[in-house]
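Engineer: here is the input, now give the coordinates:
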Amino acid sequence: MTRSARILLVDDEVSIQRAVAPLLRAREYDVDVAGTGGEALNVLHTRPPDLIVLDLGLPDIEGTEVTRRIRGASAVPIVVLSARGSEADKVAALDLGADDYVTKPFGPEELLARIRVALRRVFSADEAQTGRLEAGDLTIDYDRRRVLRGADEFRLTPKEFELLALLARSADRVLTHRAILKAIWGANAIDQPEHLWVLVAQLRKKIEPDPSHPRYLLSEPWVGYRFATEPAEA
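Structural biologist: This next block holds a predicted model:
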């Protein structure tokens, strides 16, 4: 990064503001704080952030509606930080365009790691421009439809490559089961998750060093999958 990333923290809880804002500033991020959805949308236009940390329980506008409005104007990464931990809340936020979801109470290092991952998409556009992605020893060549781990090339079926490319183009973001099913099999398949489970298992057997402990194709239980560019921190 050539400059400090600007992060907008949107949360009406003073305790969260006092805990998270100093944490981010200590890591040399430039931090703005908003206590309402209206303030957040105003800052989005007057002082555009590189990333937004967003609570769902705001006093004026529901956080999912704030997410929808942000996505109507910007592709800025959104990391939801919320006490709502149900599957339905996570799926709703991710389907509306959030990049990640952290449940309160949270570990500071986990939150910082999720932020670093989300910011990587903002500050590293070169891989997308070249049509290649390299993560660890895995290389995905979108133009030639080739996948290699080290010097070994994998023979993927068209559907396997389509799934891998879809996840990798949204690297480090969670894609919901419904979003993946719709993208690969069409709207009529969104209630048939078994197709996805089988395809993920096939793909893991081919590209993962240890399919039983995935390094690249990670599950978000009951929500979806993400392609990880770095190993998960212990």
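Engineer: residue contacts, the most centrally placed residue in the chain?
Structural biologist: The residue lying closest to the centre of the chain (C-alpha atoms, centre = their mean) is R173, at 2.1 Å. R173 makes contacts with D99, D100, A118, R121, R226, as judged by C-beta atoms under 8 Å, 6 or more residues apart in numbering. C-beta here means a position set from N, CA and C on the backbone, and glycine is covered the same way.
Engineer: try it again at 7 Å.
Structural biologist: Neighbour list for R173: D99, D100, R226 [criterion: C-beta atoms under 7 Å, 6 or more residues apart in numbering].
Engineer: from these, which shows the smallest pLDDT?
Structural biologist: Across the set of the contacts of R173, D99 stands lowest in pLDDT, at 84.
Engineer: wait, what's in contact with it?
Structural biologist: P77, I78, V79, A118, R173.
Engineer: rerun that using 8 Å as the cut-off
Structural biologist: P77, I78, V79, A118, R121, D172, R173, V174 are the contacts of D99 under C-beta under 8 Å, 6+ apart.
Engineer: separate out the buried members of those.
Structural biologist: P77, I78, V79, A118, R121, D172, R173, V174 (16 or more other C-beta atoms under 10 Å).
Engineer: now, which of these sits nearest V91?
Structural biologist: The closest of the buried ones among the contacts of D99 to V91 turns out to be V174 (C-beta to C-beta; 9.6 Å).
Engineer: my guess is the closest one contacts A228. True?
Structural biologist: No. In this structure, V174 is not within contact of A228 by C-beta atoms under 8 Å, at 10.7 Å.
Engineer: would a markdown table of the buried ones among the contacts of D99 with secondary structure, pLDDT and distance to D11 be doable?
Structural biologist: Formatted as a markdown table, the buried ones among the contacts of D99 follow (DSSP: H, G, I helix; E, B strand; the rest coil; pLDDT from 0 to 100; distance: C-beta to C-beta, whole Å):
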| residue | secondary structure | pLDDT | distance to D11 |
| --- | --- | --- | --- |
| P77 | coil | 89 | 17 |
| I78 | strand | 92 | 13 |
| V79 | strand | 94 | 12 |
| A118 | helix | 82 | 17 |
| R121 | helix | 65 | 23 |
| D172 | coil | 86 | 23 |
| R173 | coil | 87 | 21 |
| V174 | strand | 88 | 21 |
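Engineer: from the residues you listed, pick the one nearest K206.
Structural biologist: D172 (21.1 Å).
Engineer: just the strands in this protein please.
Structural biologist: 6-10, 30-34, 51-54, 78-82, 100-103, 132-135, 138-141, 146-149, 152-154, 174-176, 217-220, 224-227 (DSSP state E).
Engineer: partner strands of the first one, parallel or antiparallel?
Structural biologist: When you say that, I think you mean strand 6-10. strand 30-34 (parallel), strand 51-54 (parallel) (DSSP bridges).
Engineer: out of those, flag the one nearest E13.
Structural biologist: Nearest to E13, of the strands paired with strand 6-10 and by C-beta to C-beta, is strand 30-34 at 11.1 Å.
Engineer: that closest one: which residues count as buried?
Structural biologist: Neighbour-count burial for strand 30-34 [16+ other C-beta under 10 Å]: V31, D32, V33, A34.
Engineer: apart from its neighbours in sequence, what residue is nearest the last one?
Structural biologist: Leaving aside its sequence neighbours, A34 sits nearest to A40 (C-beta to C-beta, 6 or more residues apart in numbering; 4.2 Å).
Engineer: again with the second one
Structural biologist: With C-beta to C-beta, 6+ apart as the criterion, D32 has its nearest non-adjacent residue at 4.9 Å, and that residue is L8.
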